[in-house]
Structure formats: structure tokens, C-alpha cells
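>>> next comes the sequence, and after it the predicted model I'd like to discuss.
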Amino acid sequence: MLAGVEHAFRTVIVNLLCLQCVIFLVTDILRIISHLILSVIPVISVQSFHTFQLQANAKRISSIDSIEDCRRYIGRKNGKDFILLGEGSNCVFVEDYYGEIVIPKLFGKSIEEDNSNFFVDASASENWHEFVIWLLANKVYGLENLALIPGTVGASPIQNIGAYGIEVCQFISSVDYFDLTCGEIKTLDAQACNFGYRDSVFKGELKATAIITKVRFTIPKQWTAVATYGSLADIDNPTAEQIFTEVVKIRQSKLPDPELTGNAGSFFKNPIVDKQTADTLANKFPGMPLYKVNDGESKIAAGWLIDQAGLKGKTINDIAVHQNQALVLINTNNNGCGKDLVALVDEVCNTVFAKFGIELSTEVRCFGHEGELNLLAKKGEESELTAVKNAKGTR
């Protein structure tokens, strides 16, 4: 009888050991499957990393804390193999991104001077608005018209930011960048940056291969107020501080706070047309705001076009044209999705084109599964976002 009990006990022990082995095996298999899933499927939310705050994920988020860290990305392409992201104020994730988001954290700024100019160096990750405030505190005047523009110093030359009669290219003397093709720091002077309206070489030839590390500004000590826009013109003999205060007031009254309502600022560029087109439009639409760029071209206020097309307040689910500033699209409850944004952009552009014959283009960069996408195509061509708009189950 004892032998039978002993045999039964041994059988139980063996079965328990076998069960434990099975549990360990299943645990290991689940761990491997989990690792494979995490390496393929984006699971890290990027909603808080871009000011439009669309719901989207990425596979990885990492940072560049020094110039040496840039070397990790030699041979890789920004916008495809990874996405370089400052404060996310000029980009939108319309889909999950199957790659790595890289956030530079390069800080520092200094001022030198001679008899005529201030020479200001600022690292790429410095907040732009705080940079303008710092310059004013140090009695360096010239950039006050660009107050409250979201983003970083490093992003300013890429977009050639501008507002209220000033563009940043008027003060940039050079830009340092890390060249991903050779692993060296290179410097471009202002001419080589090829600045244009909301454009530069960093949006073209160097778009995929440059990580901007520092921007140098030359700011004349002889300051002249630029106060021709709206209520700025009502200030008699304005100081730089008064212009700064008024610009902040204007922007806060017209533009929604991205901390409260997701947005990327001005979503569309003001279109530039030739003189003949401008004259034709002015005759057909009296009151259309036209701003002379040069003898052969004029700029039209895109916000006015959108407003006159009856699109102010237009909403598709949680995505809308802002009620006060038609140039701005908003994520009304910070719960919007990329598919709805794409649908609204299409409707805005198609409606404006139908009424005015003018094709809008965007200031905002758009990202999908594989990297940067062409948000808008020329008429008759297919946008890369057509697939996003038609996709089922797109976030």
C-alpha cells in the first residue's frame, strides 16, 4: 500500500513539474510575441508631442542631447527613417508612424556685439518666444514682430517664419547643421539657405539630411520700428516693447491657445499669384486683400479666401475651421483623428479652388505610416493622403 502511495506522490510531482515547464514555456513564448509586436506596432502615443494633438502612435521616441548623439542617425533620412521633432507646432500625425521620433535637446544662447551690430547665437532647441523675450530683456531689438510664434529657434530658418512685416531671414547670418551624409557639422550663410516665402533649403535639398544645431543672428543696433500691420499702425512712435505687447495681444485674440485647443497655427500658406491673375481677381472680387511681393507677383490672404468661401466654422466631427481665424484648423475636443482632418483639408481646398481658381498649399507638415506625406496634390494628381482618407479603421 505504501508503494502505491509513493507512486501516486511521484506521479503528482512529475505532473506538477511538467505543468511548471509548460507555464515557463508559454510565458517565454508570450514574451517573445510581445517583443515582436512592440517592435512592429506603434504603441507610444504622440498626441502630446504635437500641438494639433491628433490621436496617433509611434514605435519609439528618443532624444538628441548632444552633437555626438547626432551620429546615431548618420546615413538615415529625416522624415522617412526617423522624424526630427522640435515642439511639434508645425506638424500633424494623420496616422500611426512606424518609426522613431527624435527630439533634439540642444540649448544655449549668447550675445556679442561691435559698434554696429549684435551677434546672437542660439541653439536649436531654444523656445522661439522665450528667445524673443530674452532679446528684449537684453535691449536687442528687431524680432519683436515675431513674438508668440510657436516652435523652436532651430525650426525658424526651416520655415523662414514671418509675421507683421518681418521675416526671420532678415536677421539670420548663418545656420549650423549636422550633415547626416558625412557626419560633420556644416555652416550655411544666409544666401546659401535659399530663403523664400515660408521656405528654405532645409525644406528642399537638405530636408532629409540636415539636423540644425545652431542659428546665428546679426541684428543691427540701429533699430527701426516695423509697425504697418493693423493696430500696430495706431501706435505713435512705438517702442520695441510696445510692438511686442501689441503683437502678443493680436495673436492671442485671433489664434487659439494650443494648450487648450489642438491646432498647428496657420495651416495654409498665403498664395502668391502673378500680376495678371491678381488684377483679374481684384476686378472680380472687390475687397480681396492683395499684398505686393514684387513687380510681377502679389500675395493673397488665404484666410480671406477660406472665409469668403463660407468655410469659417466648418466642422467634420472633431476637426473644424476656426470661427475667428479661417487660416487655422482646430482639434475641437482634442479627440480628432487624421482621417477627419484630411477630409476637411480636401473640402477647404476644393471649395476655395471652385470659387476662386486658386490652389492652396499648406504650411503644416503631415506624417503617416512611413514618414512625411504630400498633404496636397496639384489638381488632377492624386495626393498621398487619398489612401488615408479612404482607409478603413484609420485612427
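Received, thanks. Numbers count the residues shown, from 1 in each chain.

>>> flag the shaky bits of the stretch 1-150 of the chain, pLDDT-wise.
1-42 (pLDDT under 70).

>>> switch to 50 and redo it
In the predicted model, the stretch 1-150 of the chain carries pLDDT under 50 at residues 32-39.

>>> all helices of this protein, in order?
2-40, 128-137, 156-159, 240-254, 275-284, 302-308, 338-356, 386-390 (DSSP state H).

>>> so what does the spatially most central residue of the chain have for phi and psi?
In the chain, the residue lying closest to the centroid (Cα atoms, centre = their mean) is Asn90, at 1.9 Å. Here is the backbone geometry of Asn90 (degrees, to the nearest 10): phi -130, psi 30.

>>> test my guess that it contacts Thr362.
No. If you go by Cβ atoms under 8 Å, Asn90 and Thr362 don't touch, sitting 9.8 Å apart. Quick note: C-beta positions are derived from backbone N, CA and C, even for glycine.

>>> what touches both of the two?
The contact sets of Asn90 and Thr362 do not overlap (Cβ atoms under 8 Å, 6 or more residues apart in numbering).

>>> the nearest residue to Lys249 once chain neighbours are set aside and Ser266: what is the separation?
Computed as Cβ to Cβ, 6 or more residues apart in numbering, the closest residue to Lys249 that is not its neighbour in sequence is Ser231, at 8.0 Å. Ser231 is 19 Å from Ser266, where distance means Cβ to Cβ, to the nearest Å.

>>> between those two, which one's more packed in?
Between Ser231 and Ser266, counted using other Cβ atoms under 10 Å, the more crowded position is Ser266 (21 against 12).

>>> quick one: contacts of stretch 223-238?
Outside stretch 223-238, the residues within contact range by Cβ under 8 Å, 6+ apart are 141-142, 145, 164-166, 239-240, 242-243, 246-247, 249-250.

>>> what average pLDDT does that stretch get?
The average pLDDT within stretch 223-238 is 92.

>>> centre of the chain versus it, how much separation?
29 Å (Cα atoms, centre = their mean, to the nearest Å).

>>> give me the distance between the two termini of that stretch.
End-to-end distance of stretch 223-238 (Cα to Cα, to the nearest Å): 11 Å.

>>> just list the residues touching Ala122, thanks.
Contacts of Ala122 by Cβ under 8 Å, 6+ apart are 108-109, 131, 153, 214-215, 217.

>>> would a markdown table of those with distance to Leu85 and neighbour count be doable?
Output for the contacts of Ala122, formatted as a markdown table (distance: Cβ to Cβ, whole Å; neighbours: other Cβ atoms under 10 Å):
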| residue | distance to Leu85 | neighbour count |
| --- | --- | --- |
| Gly108 | 20 | 11 |
| Lys109 | 21 | 18 |
| Phe131 | 18 | 21 |
| Val153 | 15 | 27 |
| Lys214 | 18 | 21 |
| Val215 | 17 | 27 |
| Phe217 | 23 | 25 |
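
>>> just those: which are in strands?
109, 214-215, 217 (DSSP state E).

>>> surely Ile211 touches Ile67?
No. Counting by Cβ under 8 Å, Ile211 sits too far from Ile67 to count as a contact (9.1 Å).

>>> joint contacts of the two?
Phe178.

>>> more neighbours: which of the two?
Neighbours per residue (other Cβ under 10 Å) separate Ile211 from Ile67, with Ile211 holding more: 24 against 14.

>>> and the more buried one, bridged to which residues?
Phe178 (DSSP bridges).

>>> which ones are touching it?
Here Ile211 is in contact with 64, 70, 73, 78, 84, 104, 124, 177-178, 180 (Cβ under 8 Å, 6+ apart).

>>> what is the burial count for the closest residue in space to Asn333 that isn't next to it in sequence?
When the adjacent residues along the chain are set aside, Asn333 lies closest to Asp318, with 5.1 Å between them (Cβ to Cβ, 6+ apart). Neighbours of Asp318 under the rule other Cβ under 10 Å: 18.

>>> so Asp318 touches Gly338, yeah?
No. Asp318 is not in contact with Gly338 according to Cβ under 8 Å; the separation is 11.3 Å.
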